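Student: The following block contains a protein sequence and its predicted model.
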Amino acid sequence: EHNGFTGAARALGVARSSICRRVGQLEQRLGVRLVQRSTRHFAVTDLGLELHGHCLKMVAEAKAAYERVACARATPSGLIRLSCPPAVAQLLVSPLLPEFTDKNPEVRIAIEASDRRIDIDENFDLFIRVRQIPSADSGMVMRSLGIVQHVLIASRGFLERHGRPTTPAEAARMPSIGCGSLQGPHVWKLVDPDEHEIQIRHEPKLITDDMVLVRQAAVQGVGIAQLPLSVCLNEVRQGLLEVLLPDFPAPLFEVQVLFPSRRGMLPAVRSFIDFLSAHCVSEVPQWQIKRHTGRGPRESSRFWTSRKALEQLTVEGTGAKREVRVA
């Protein structure tokens, strides 16, 4: 192509002696003469031309392989393996899947909805967990999707029949709904006015690990329940449920997406993480998050959702908005 070692060296930007040495080493390894050369003559042998043709094909295949990998890294495609609790799959992930799959038609998602402890070696790409703040180090890379606030709620009809509790102990003596394992004991984790975490034991009339069923039972007046605010927010805004004991809020929980490493992460996985992060909105004011997690200046106000924050919730009325009842 360059009519000699000198032209090839100039085109490649290397020393002529280096090219001569490399060609000589290749000839020695193959045991054949590839180039006939003298001080005045340069010619490629028939075997040299044949080898050159094969090498051109090898270079083309190598370029195609690199381009395929580069394309795969640029365009989300392939299978994402996700592990998350059933409630997270149903209430957080499921509503977002149609939009994500429409935007990423080459991506497939396999979800194991389970509360079991997952080993990092089980070949999952992502784990979503809800953990109380502060949470222990899991040994994996963590990205926060938002902060969850649990609230005690009951229907207006229930409160009219049983009265409005003024203390956690009084609430525990009323009919309640347990959310979680069928095995006891069942407790509400709360924070008293002195900012000490307390656990209030109660004996549920209904026990289930399905948050949607808990919400429906609470709306129907079965008992008092403790749910993430995001799960029952619409019912609170509509006046179907009322928030109880705002002076005894629950500790904050964080929704976290965990993954083994950022190194070598597939574009599909990265795109899904970014999509989740963009569409999951925290239900707790930012100043409270910073105070509780230590990620910002310490405020003088309490860092759990306050009565004022709960009273700012509004419900749609006829022609106007009205405040949510905080019992």
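Tutor: Arrived safely, thanks for sending.
Student: which one is residue 174 nearest to, not counting chain neighbours?
Tutor: In this structure, residue 174 finds its nearest non-sequential neighbour in residue 162, 5.2 Å apart by CB to CB, 6 or more residues apart in numbering. The way it works is simple: take the backbone N, C-alpha and C, and place the C-beta from them, glycine included.
Student: My read is that the one you found contacts residue 173, right?
Tutor: No. Judged on CB atoms under 8 Å, residue 162 makes no contact with residue 173 at a distance of 9.5 Å.
Student: How about the secondary structure of residue 145?
Tutor: strand (DSSP: H, G, I helix; E, B strand; the rest coil).
Student: which residues does it contact?
Tutor: 92, 128, 255-257, 276-277, 280 (CB atoms under 8 Å, 6 or more residues apart in numbering).
Student: Now for residue 4, how many residues are close by?
Tutor: 15 (other CB atoms under 10 Å).
Student: can I assume it is in contact with residue 42?
Tutor: Yes. Proximity of residue 4 to residue 42 meets the contact threshold set by CB under 8 Å, at 4.6 Å.
Student: chain center to stretch 33-53: distance?
Tutor: 59 Å (CA atoms, centre = their mean, to the nearest Å).
Student: That one: which residues count as buried?
Tutor: Residues of stretch 33-53 classed as buried by neighbour count (16 or more other CB atoms under 10 Å): 34-35, 44, 48, 51.
Student: low-scoring stretches of the protein, by residue?
Tutor: Scanning the chain with the threshold set as pLDDT under 70 gives 39-40, 67-74, 120-121, 134-138, 262-264, 281-327.
Student: Quick check: can you name the pairing partners of the helix or strand in which residue 256 is found and their directions?
Tutor: Using DSSP states H and E, residue 256 sits in strand 252-259. Paired neighbours of strand 252-259 in the sheet (DSSP bridges): strand 126-132 (antiparallel), strand 141-155 (antiparallel).
Student: list the buried ones in the shortest one?
Tutor: Within strand 126-132, the residues scored as buried using 16+ other CB under 10 Å are 126-130.
Student: What of the last one?
Tutor: If you call a residue buried by 16+ other CB under 10 Å, then strand 141-155 has these buried ones: 142, 144-155.
Student: for this protein, which residue is closest to the average position?
Tutor: residue 257 (3.3 Å; CA atoms, centre = their mean).
Student: any idea how far residue 83 is from it?
Tutor: Note on residue 257: its distance to residue 83, by CB to CB, to the nearest Å, is 11 Å.
Student: list the residues that contact both of the two?
Tutor: What both residue 257 and residue 83 touch, as defined by CB under 8 Å, 6+ apart, is the set 126-128.
Student: ok, residue 5 - contacts?
Tutor: 16, 19-20, 23, 37, 42.
Student: Any idea what the closest residue to residue 199 other than its chain neighbours is bridged to?
Tutor: For residue 199, ignoring the flanking residues on the chain, the nearest one in space by CB to CB, 6+ apart is residue 187 at 4.4 Å. Beta bridges link residue 187 to residue 201, judged by DSSP bridges.
Student: Please renumber the chain so that the first residue is 52 from this point on.
Tutor: Taking 52 as the first residue, the last one we looked at is residue 238.
Student: Look up how far residue 148 lies from residue 238.
Tutor: Residue 238 sits 33 Å away from residue 148, going by CB to CB.
Student: same thing with residue 78?
Tutor: Taking CB to CB as the measure, residue 78 falls 60 Å from residue 148.
Student: circling back: let me have the buried residues of strand 192-206 in a markdown table, extended by distance to residue 320.
Tutor: Shown next, in a markdown table, are the buried residues of strand 192-206 (distance: CB to CB, whole Å):
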| residue | distance to residue 320 |
| --- | --- |
| 193 | 15 |
| 195 | 17 |
| 196 | 15 |
| 197 | 19 |
| 198 | 23 |
| 199 | 23 |
| 200 | 29 |
| 201 | 30 |
| 202 | 33 |
| 203 | 37 |
| 204 | 36 |
| 205 | 41 |
| 206 | 42 |
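Student: Looking at the residues you listed, which one is closest to residue 299?
Tutor: Distance to residue 299, by CB to CB, is smallest for residue 203 among the buried residues of strand 192-206, at 7.8 Å.
Student: Can you show me the helices along the stretch 152-301 of the chain?
Tutor: 207-213, 219-223, 262-270, 280-288 (DSSP state H, counting those that start in this stretch).
Student: Export those as TSV, with columns for distance to residue 245 and mean neighbour count.
Tutor: As requested, the helices of the stretch 152-301 of the chain are arranged in TSV below (distance: least, CB to CB, whole Å; neighbours: other CB atoms under 10 Å):
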stretch	distance to residue 245	mean neighbour count
helix 207-213	27	15
helix 219-223	13	17
helix 262-270	28	20
helix 280-288	23	19
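Student: Fine, thanks again, bye for now.
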